[in-house]
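Visitor: this is a predicted model, with the sequence first.
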Amino acid sequence: MSKITIVNVGYRSTNYWVISAGTTRLLVDLGWPGSMGMMRANLKRMDVPLQEIRYALATHYHIDHAGLGQELKQAGVPLLVLNVQVSAIPLMKTWIKPQDNYVEISLHDNVTITCAESRSLLERIGIPGEIIHTPGHSDDSVSLLLNDGSVFTGDLTHPAFISVEDPAVVNASWQLLRERGATRVYPGHGPVRQMS
Ligand SMILES: [Zn+2]
């Protein structure tokens, strides 16, 4: 099995993570609407060929994390959706302004799985880990936890910065990640940090 590498291809204050096992890659969080040119440029700069991305996974369906979902599909990258996320996808367009150039994400052509099915799917592309439902920031939020303890949490609220969120839900999600072995957090915004 290839060594796992992680690079950030993010822009506009948002992290987009490419997890690679050799030339098999997974993109976690997908770019702002209408920013496909920026995404392509950043992938190129980090030596990530678009056609090597096996799946695109949005941690949740907010525009800064999933805005490019449909455009990536059109470019040949399958969209990996968790069943807990499906109902959030049509709501994306309620956040969008016309000038955002959002391409609406269709539902019929995604790869939709349950969290329980995620480990075997990831194993098939050489990336050992699982996808865990971690509500708190939003009901459709998921985290990708790799076997080495790296966890991609999107906008799961840092416990010290809970405001409008339900603290019990946020803390339960962090506790679950901790129990499953998370040690290092790759957030949707800001620097990588150790689990607190
Ligand atoms: Zn968000």
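Guide: Thanks, I have the structure now. Not measured: the values here are computed from a predicted model.

Visitor: just give the nearest non-adjacent residue to P90, would you?
Guide: In space, and not counting its chain neighbours, P90 is closest to L107: 7.5 Å by C-beta to C-beta, 6 or more residues apart in numbering. C-beta here means a position set from N, CA and C on the backbone, and glycine is covered the same way.

Visitor: same deal with A66?
Guide: A58 is the one closest to A66 (C-beta to C-beta, 6+ apart), at 3.7 Å.

Visitor: ok, and what's touching the longest helix along the chain?
Guide: Across the chain, the longest stretch assigned as helix under DSSP state H is helix 167-179. Outside helix 167-179, the residues that touch it by C-beta atoms under 8 Å, 6 or more residues apart in numbering are 132, 134-137, 141, 143, 145, 151, 153, 156-157, 159, 162, 195.

Visitor: so which bits of it are buried?
Guide: Going by neighbour count (16 or more other C-beta atoms under 10 Å), the buried part of helix 167-179 is V169, V170, S173, W174, L177.

Visitor: could you measure from the first one over to the ion?
Guide: Think V169. Noted for V169: a distance of 15 Å to the ion, by C-beta to the ion, to the nearest Å.

Visitor: what parts of this protein come near the ion?
Guide: Contact residues (C-beta under 5 Å from the ion) of the chain with the ion: H62, D155.

Visitor: try it again with 6 Å
Guide: The chain comes close to the ion at residues H60, H62, H65, H137, D155, as judged by C-beta under 6 Å from the ion.

Visitor: need the residues you listed in a markdown table (columns: neighbour count and pLDDT).
Guide: Putting those into a markdown table (neighbours: other C-beta atoms under 10 Å; pLDDT from 0 to 100) gives the following:
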| residue | neighbour count | pLDDT |
| --- | --- | --- |
| H60 | 25 | 98 |
| H62 | 22 | 96 |
| H65 | 27 | 98 |
| H137 | 22 | 96 |
| D155 | 20 | 97 |
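
Visitor: and these, which two are furthest apart?
Guide: With C-beta to C-beta as the measure, no two of these lie farther apart than H65 and H137, at 10.1 Å.

Visitor: so what sits against both of the two?
Guide: G154, D155.

Visitor: quick one: low-confidence residue ranges for the chain.
Guide: Applying pLDDT under 70 to the chain flags the ranges 1.
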